[in-house]
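Asks: Return a 3D structure for these sequence lines:
(chains A and B)
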Amino acid sequence: GENVEQHPSTLSVQEGDSAVIKCTYSDSASNYFPWYKQELGKGPQLIIDIRSNVGEKKDQRIAVTLNKTAKHFSLHITETQPEDSAVYFCAANPSGSTLGRLYFGRGTQLTVWP
Amino acid sequence: GAVVSQHPSWVICKSGTSVKIECRSLDFQATTMFWYRQFPKQSLMLMATSNEGSKATYEQGVEKDKFLINHASLTLSTLTVTSAHPEDSSFYICSADPLRTRTYGYTFGSGTRLTVV
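Replies: Now for the predicted structure:
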């Protein structure tokens, strides 16, 4: 099956700085890569996703890049704010597997200091 | 759109009793829903795939007789933890994919914190 590695496990940044979280995947057939934000005691919230036919996608302060050759994708958050503090998970869905069968990374605890 | 409602948000039960958790898609139909389990400070682990009108598909190592899944309609899936024990205490989360087109991405419920005492 798919194996998703995520780094770093913890990340602390100053408000206004940028944050980057990186993930790698093992199954070259994976074609959908969502990113989720999870606040304490809540379910994950989709913040951005990218499909394998696109190299980059941006939504305001959040962007995701995908390198299919290297099998890695990254989340970029610019102008971070304290409310961005949460756990972020990357995931992958291999083509041909059950729709919605997501393989998750271990998560990154992001802390933004005011 | 694409809201998944999960209830209860938290529950405390005694060892040996059963607990039912509901997962509803409020504004869309979902032929497939997913149940995840999450331990503190850990990632989400898929337990089973719930298919409307048919048996659920369980991941390796998940006891299907302990975690009963019923997906009787296109908007409701339930997870029943039978004969619960303290080691079943965890955060359970469901998700669903609207229309199977990934238009909204896979939407998650708010989760259920189960504590078995």
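Asks: Can you name the residues that contact the residue nearest to residue A:59 when sequence neighbours are not counted?
Replies: Closest residue to residue A:59 apart from its sequence neighbours, by C-beta to C-beta, 6 or more residues apart in numbering or on different chains: residue A:48 at 5.4 Å. Every residue, glycine included, has its C-beta placed from N, CA and C. Applying C-beta atoms under 8 Å, 6 or more residues apart in numbering or on different chains, we find residue A:48 in contact with A:34, A:35, A:57, A:59, A:62, A:63, A:64, A:75.
Asks: Around the residue lying closest to the first one once chain neighbours are set aside, how many other residues sit close by?
Replies: Going back to what we said before, that points to residue A:34. Spatial nearest neighbour of residue A:34, chain neighbours left out: residue A:49 (3.9 Å); criterion: C-beta to C-beta, 6+ apart. A count of neighbours around residue A:49, defined by other C-beta atoms under 10 Å in any protein chain shown, yields 20.
Asks: what does residue B:69 give?
Replies: Under the neighbour criterion other C-beta under 10 Å, residue B:69 is assigned a count of 24.
Asks: Please identify the buried residues of the one helix or strand residue B:5 maps to?
Replies: Assessed by DSSP states H and E, residue B:5 sits inside strand B:4-7. Within strand B:4-7, the residues that count as buried by 16 or more other C-beta atoms under 10 Å in any protein chain shown are B:4, B:6.
Asks: Mind giving me the packing neighbours of the lowest-mean-pLDDT helix or strand in chain B?
Replies: Least confident helix or strand of chain B, by mean pLDDT, DSSP states H and E, is strand B:107-108 with a mean of 88. Secondary-structure packing of strand B:107-108 (3 or more C-beta pairs under 8 Å, 6 or more residues apart in numbering or on different chains; DSSP states H and E): strand A:45-51, strand B:90-96.
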